[in-house]
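*Asks:* I would like the atomic coordinates for the input below:
(one chain, ligands or ions: 1)
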Amino acid sequence: MDPLLKTNNVSISFGGIKAVQDFNIVLNRGELVGLIGPNGAGKTTAFNLLTGVYQPTTGTIEFDGVDVTGMKPYKITQHGIARTFQNIRLFGNLTVLDNVKIACNYLVNYSLAEAILRVGRYGKEEERIEREAIELLRLFKLDDKKDELASNLPYGLQRHLEIARALAARPKLLLLDEPAAGMNPQETLDLMHLIEEIRKRFELTILLIEHDMSLVMGICERLYVLEFGKILAQGIPQEIKSNADVIRAYLGEEV
Ligand SMILES: Nc1ncnc2c1ncn2[C@@H]1O[C@H](COP(=O)(O)OP(=O)(O)OP(=O)(O)O)[C@@H](O)[C@H]1O
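*Replies:* All right, here's what the predicted structure looks like:
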């Protein structure tokens with residue numbers, strides 16, 4: 001089967017800094033792959049390239065048989081790539097439910113005129129969106145908090161809501177940028193199980209940036225390691241753990 005995502009020598013520079021250089025990765029359908037590397041290695045920049053936030057200086061990105069290089073972020077979302085952010089980006093003054101419903105709107109099937117006049121397909125679509133949003137919240141055990149303001153949720157649940165919102169766009173590929181940041185060990189463990197569950201349930205492919213090595217090594221099937229914008233190593237967790245270059249890059253930290 002064709003891979004879901006394939007990047008070809010994707011690079012970007014900011015001024016003189018080559019933030020990402022010759023980024024070549026392949027994600028097969030259904031894989032859960034980690035993207036790790038020291039601070040400033042280029043991981044978030046790679047996500048910004050895959051989601052159209054940045055245009056690559058050179059190189060191409062093929063997603064599900066389509067060349068998505070240079071597409072606007074909303075187009076890329078419509079093609080099936082969704083993400084979460086390192087720093088939570090919820091609409092804090094909207095309810096938990098509305099945060100998810102907004103993301104469903106990428107997929108609405110009614111015209112602007114029908115929405116303004118509140119006729120035609122509008123009503124049915126709105127019902128469907130609400131139903132799907134509540135189902136998602138149930139999966140994340142957030143349905144009993146659907147009417148609370150997102151900013152009032154505890155930190156760990158805000159991270160869950162971000163993932164629920166990303167899923168509302170029904171992606172084929174989910175990019176998670178440090179989903180366990182700031183979580184305690186129990187919350188991290190719960191998150192690991194949740195990620196595995198949503199992968200199965202939604203038949204997702206997942207690319208995960210994470211500094212928590214127990215999380216990455218525990219759930220990822222393969223890993224790419226970035227250093228100074230370049231791929232330093234790739235392989236299964238066992239290979240990466242014992243890779244001399246990777247150990248050096250992490251300056252003797254336990255990998
Ligand atoms: N918009 C930008 N303008 C200038 N430099 C940038 C920009 N975005 C990223 N960089 C630089 O690109 C390099 C890679 O940064 P990036 O945030 O992708 O690293 P990272 O691996 O995600 O780091 P961390 O683990 O700390 O989040 C850094 O040197 C950063 O300063």
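
*Asks:* only C-alpha atoms from now on, for both contacts and neighbour counts.
*Replies:* OK.

*Asks:* and Gln86, that's in a strand?
*Replies:* No: applying DSSP: H, G, I helix; E, B strand; the rest coil, one finds Gln86 to be coil, outside a strand.

*Asks:* mind listing what it touches?
*Replies:* Gln86 is in contact with 177-179, 181, counting by CA atoms under 8 Å, 6 or more residues apart in numbering.

*Asks:* in helices, which of those residues appear?
*Replies:* Assigned to helices by DSSP state H, none of these qualify.

*Asks:* what subset of these is buried?
*Replies:* Among these, those classed as buried by 16 or more other CA atoms under 10 Å are 177-179, 181.

*Asks:* what is the lowest-pLDDT residue among the contacts of Gln86?
*Replies:* Here the lowest pLDDT out of the contacts of Gln86 sits on Ala181, with 90.

*Asks:* next, count neighbours for the closest residue to the ligand within the stretch 151-255 of the chain.
*Replies:* Among all residues of the stretch 151-255 of the chain, Gly229 sits closest to the ligand, at 6.7 Å; criterion: CA to the nearest ligand atom. Neighbourhood size, Gly229 [other CA atoms under 10 Å]: 24.

*Asks:* what about the most centrally placed residue in the chain, distance to Glu221?
*Replies:* Taking CA atoms, centre = their mean, the centroid of the chain lies closest to Leu175, which sits 1.9 Å from it. As judged by CA to CA, to the nearest Å, Leu175 and Glu221 stand 15 Å apart.

*Asks:* same check on Ile129?
*Replies:* 33 Å.

*Asks:* the more surrounded of these two?
*Replies:* Neighbour comparison, Ile129 and Glu221: the larger count goes to Ile129, with 21 against 15 (by other CA under 10 Å).

*Asks:* helix/strand/coil for the more buried one?
*Replies:* Assigned by three-state DSSP, the conformation of Ile129 is helix.

*Asks:* so it sits right up against Val100, yeah?
*Replies:* No: counting by CA atoms under 8 Å, Ile129 stays clear of Val100, with 9.1 Å between them.

*Asks:* picking up where we left off before, wait, which of the buried ones among the contacts of Gln86 is closest to Ile198?
*Replies:* Comparing the buried ones among the contacts of Gln86 against Ile198 with CA to CA places Pro179 closest, at 13.9 Å.

*Asks:* for the strand or helix carrying Met217, list every residue counted as buried.
*Replies:* Using DSSP states H and E, Met217 maps to helix 213-219. Neighbour-count burial for helix 213-219, counted by 16+ other CA under 10 Å, picks out 215-217, 219.
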